[in-house]
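Q: Predicted model, plus sequence, below.
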Amino acid sequence: MPDRIEILEANLRNIAIFHEEPGEQIIEEVKGHVRATAMPWTWRGHSHTRPPDEAFVVYIEEFDVPAKDTVPRVAPCPCCTPHHPKYKNKGKIAWFPNESVIRLIGPKCFASINAGGHEAAIIDLRKRQKRRSELATVALHGAKLEELVAAIDAAIPIADHLDAFMRDLAGAADQERLNFWRELREGTLTITERRRSLVRKADGRLSERDEEFRSTFASILGHSIFDRSQHGSAGKLRPLRSGLALLVNRVSEADQLGEADLEKVAEALPKARTSALDIFSGLSDRQRFLTSNAIEILAHWGQHPSSPLRFAISRKRSEVTLVGHKPHVIYIGLDATSPIPPIPEL
Ligand SMILES: [Zn+2]
C-alpha cells in the first residue's frame, strides 16, 4: 500500500455550507483547485466524511486529477478509501443536499453505498453536462450573432449582383454554345497543339508524324463564376438571415429554454455560421473573376488559334461583352465588386 494520505483537520468534518445547488462558480473553483494542486481532498469546501447509507446525491460535474499516465490513482475517497489513492479521472463533484455538503469522490464509489441513487445521479449529470455545453455554445455564438447578421445584410446586395452577373454570363455562353465550365473546371486554361516529330519506322527509315498534345495556357482566378451549382447565393443568404433574426430572442433567454428548445438553438447557431462561411467563401471566389485579370486572360485564350473555344471577351467599366457569333453585353451590378465583409471570429 502506498503511503497514507493525511487529511487536513478542516476537511475531516462536514462543511455544511452548500444549501443551494452549487453553480458554475463552485464548479470552476473546484476544477481550478484540482488543476492547481492535484489534491481535491484539500479543497476548502470538501467534506472528507463518509456519506450516510440513505444519502441522496446530485453529481454536479466531473473532474480529472492531473497525474502522470503511469499513476493510476491519486486521490483518496471519503466514501471508501479515506487515506489512500483511489481515483484519478472522472471524479465527481457530489452534492448532498440533505447535509448541505459537497464531497469530491471517486467516479463510481457512491454506487456501493446506494446503487440506485448513483445511477439516477449519473443520468441527471449527463443531462446537466449536455445543457451546460449547449449553453456555452449559445453564449459563444450568441455574442457574435448581431455582427453575423450585419455581415449577412452587407453581403446580400453583393450576392444579388454576383448572382445576376453569373446568370447573364451563363445565358450568353449557352446561346453561343460555349461550355466554359467543362474547359476550366480546375481554373486552368489549356490549348491543344500539334507538333511534327520524326519517328523511325520498322524498316529503319525516318518519317514525320503529327502529334497532338494539351498544354497549359494559363490559369485564372474566379473560375467558379462558371460553376452553375454555385448559383443563387442570395437566395440562400436571405432565409439564413431571417432564421438568425428569429434566434436573437431565444439566445438572450437561453437559460430559460426547455431541453428541446435549447438543443435546437445550440445546433442552429454553429450550423448557420458554417453555412454563412461557405456562402461567403463562394462569393469571394466568384468575385475574383471581376477583381483579377481573369477576363484579360480569357480574352487571350479565346483568340488563341489552338484554344478549344473560340470567342472574344472584354470589359469596359461595368459591362462585359462576350462575342461568339454575336455580341452579348453583360452588366456588372454596382455591388458585385464591393468588399465582402468578414464573418466574425468566435
Ligand atoms: Zn470511494
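A: Perfect, I can see it now.
Q: Read off the pLDDT value for the closest residue to the ion within the stretch 101-250 of the chain.
A: Nearest residue of the stretch 101-250 of the chain to the ion (CB to the ion) works out as Cys109 at 2.7 Å. (Glycine included, C-beta is placed from N, CA and C.) At Cys109, the model reports a pLDDT of 93.
Q: residues contacting the nearest residue to it once chain neighbours are set aside?
A: Residue nearest to Cys109 in three dimensions, not counting chain neighbours: Cys79, with 3.9 Å by CB to CB, 6 or more residues apart in numbering. Contact analysis of Cys79 by CB atoms under 8 Å, 6 or more residues apart in numbering lists 50-51, 103, 105-106, 109-110, 112-113.
Q: re the thing from before, my guess is the residue of the stretch 101-250 of the chain closest to the ion meets Lys86, correct?
A: Yes - here Cys109 reaches Lys86: they are 7.2 Å apart, a contact under CB atoms under 8 Å.
Q: what sits in contact with each of these two?
A: Listed as contacting both Cys109 and Lys86 by CB under 8 Å, 6+ apart are 77, 80.
Q: picking that back up, and the residue nearest to Cys109, which of the three is it?
A: coil (DSSP: H, G, I helix; E, B strand; the rest coil).
Q: can you tell me how far it sits from Ile60?
A: From Cys79 over to Ile60 the distance is 16 Å, taken as CB to CB, to the nearest Å.
Q: same question, Ala260
A: Distance from Ala260 to Ile60, by CB to CB: 23 Å.
Q: residue of the stretch 201-346 of the chain with the smallest distance to the ion?
A: Counting by CB to the ion, the stretch 201-346 of the chain gets nearest the ion through Glu259, at 31.1 Å.
Q: OK, contacts around Trp301?
A: Per CB under 8 Å, 6+ apart, neighbours of Trp301: 189, 191, 217-218, 307, 309.
Q: Make CSV out of these and add pLDDT, distance to the ion and secondary structure.
A: Formatted as CSV, the contacts of Trp301 follow (pLDDT from 0 to 100; distance: CB to the ion, whole Å; DSSP: H, G, I helix; E, B strand; the rest coil):
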residue, pLDDT, distance to the ion, secondary structure
Leu189, 95, 71, strand
Ile191, 93, 77, strand
Phe217, 94, 74, strand
Ala218, 95, 72, strand
Ser307, 93, 78, coil
Leu309, 94, 77, coil
